[in-house]
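>>> coordinates only, no sequence provided:
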């Protein structure tokens with residue numbers, strides 16, 4: 001098979017810029033389209049950014065989207081018409097939007113992950129195992145730190161880890177989601193899963209899941225210090241998705257975790 005033609009949306013964003021670097025570096029992919037939500041009067045890597053249209057995205061085999069939910073659905077509507085595969089790294093979806101993504105996946109292959117890192121996906125797997133292994137006396141909470149530019153909280157990764165706790169307990173995550181704190185030095189355990197998000201500096205991403213029964217504390221954590229971790233993962237996801245039939249996939253499927 002020849003090179004995989006990639007389109008990157010939100011090309012002027014922090015992740016968009018990093019995705020461009022990873023796409024150019026990868027010998028098995030070719031960057032054919034860049035899009036943004038406004039006019040950009042310059043070429044980037046020889047490509048002039050366009051708005052999200054059928055014309056702009058028609059040459060791509062796979063579209064990689066790290067933007068905001070509104071833009072993601074704009075892209076999915078176009079992708080569904082053109083029968084294009086989509087890798088979604090966007091976060092901040094509500095339950096209704098998550099359900100809508102599932103409907104789109106019946107028409108086209110979609111790989112969606114709140115985090116494209118191998119380490120984070122391993123952390124989620126370990127979170128599920130730990131949660132399942134501990135009895136109900138152990139309460140849990142999720143802590144995360146990101147750069148000051150990140151708007152949504154908790155992060156998509158923190159919510160992934162919360163879902164991992166819920167899966168381990170065989171419970172509906174949305175029913176046991178607790179309070180969402182922002183920039184608190186300390187935050188409590190609860191009967192539900194509480195989250196605390198710190199936004200400061202230029203931190204790439206830190207996540208920690210904590211379990212405690214009041215007598216001991218178990219911590220699972222991960223620290224990212226290079227944004228290429230996520231963009232390289234997204235390129236790997238795009239290459240994996242090219243051979244898949246319509247459906248909703250995750251990094252867990254790619255990594256073959258049980």
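Great, that's in hand. On a predicted model such as this, the values are computed, not experimentally measured, just so you know. Numbering: from 1, shown residues only.
>>> buried stuff in the helix or strand bottoming out on mean pLDDT in the chain?
Taking mean pLDDT, DSSP states H and E as the measure, the chain has helix 251-255 as its least confident helix or strand, at a mean of 91. Neighbour-count burial for helix 251-255 flags 251-254 (criterion: 16 or more other C-beta atoms under 10 Å). In short, each C-beta sits where N, CA and C put it, glycine included.
>>> and these as CSV, adding distance to residue 203?
As requested, those are arranged in CSV below (distance: C-beta to C-beta, whole Å):
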residue, distance to residue 203
251, 22
252, 25
253, 29
254, 26
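>>> thinking again about what came up before, I'd like to know which elements the least confident helix or strand of the chain is packed against.
When contacts are defined as 3 or more C-beta pairs under 8 Å, 6 or more residues apart in numbering; DSSP states H and E, helix 251-255 packs onto strand 109-112, helix 118-133, helix 228-241.
>>> so where is the stretch 151-258 of the chain shaky, pLDDT-wise?
258 (pLDDT under 70).
>>> could you pull out the strands for it?
Listed in chain order, the strands found in the stretch 151-258 of the chain under DSSP state E, counting those that start in this stretch are 177-182, 193-199, 205-212, 217-224, 247-249.
>>> rebuild those strands as TSV, extending it with mean neighbour count and distance to residue 6.
Putting the strands of the stretch 151-258 of the chain into TSV (neighbours: other C-beta atoms under 10 Å; distance: least, C-beta to C-beta, whole Å) gives the following:
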stretch	mean neighbour count	distance to residue 6
strand 177-182	16	34
strand 193-199	21	30
strand 205-212	20	23
strand 217-224	15	23
strand 247-249	17	17
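>>> now those strands in JSON lines, with distance to residue 12?
Output for the strands of the stretch 151-258 of the chain, formatted as JSON lines (distance: least, C-beta to C-beta, whole Å):
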{"stretch": "strand 177-182", "distance to residue 12": "26"}
{"stretch": "strand 193-199", "distance to residue 12": "21"}
{"stretch": "strand 205-212", "distance to residue 12": "21"}
{"stretch": "strand 217-224", "distance to residue 12": "22"}
{"stretch": "strand 247-249", "distance to residue 12": "27"}
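>>> residue 71: which of those is closest?
When the strands of the stretch 151-258 of the chain are compared by C-beta to C-beta, strand 247-249 sits nearest residue 71, at 18.8 Å.
>>> and the nearest residue to residue 174 once chain neighbours are set aside, backbone torsions?
Leaving aside its chain neighbours, residue 174 sits nearest to residue 95 (6.0 Å; criterion: C-beta to C-beta, 6 or more residues apart in numbering). Per-residue torsions, residue 95: phi -60, psi -40 (degrees, to the nearest 10).
>>> rewinding a little: closest to residue 178 out of the helices and strands packed on helix 251-255?
helix 118-133 (14.6 Å).
>>> what's the angle from the helix or strand that that closest one is followed by to strand 217-224?
Downstream of helix 118-133, the next assigned helix or strand under DSSP states H and E is strand 139-146. Strand 139-146 and strand 217-224 are oriented at 20 degrees to each other (axes from the mean of the first three to the mean of the last three C-alpha atoms, to 10 degrees).
>>> tell me what strand 139-146 is packed against?
helix 156-168, strand 193-199, strand 205-212.
>>> okay, now the sheet partners of it, with direction.
Sheet pairing for strand 139-146, assigned by DSSP bridges, gives strand 193-199 (parallel), strand 205-212 (antiparallel).
>>> can you list the helices and strands packed on helix 251-255 in TSV and add distance to residue 210?
Below are the helices and strands packed on helix 251-255 laid out as TSV (distance: least, C-beta to C-beta, whole Å):
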stretch	distance to residue 210
strand 109-112	26
helix 118-133	10
helix 228-241	23
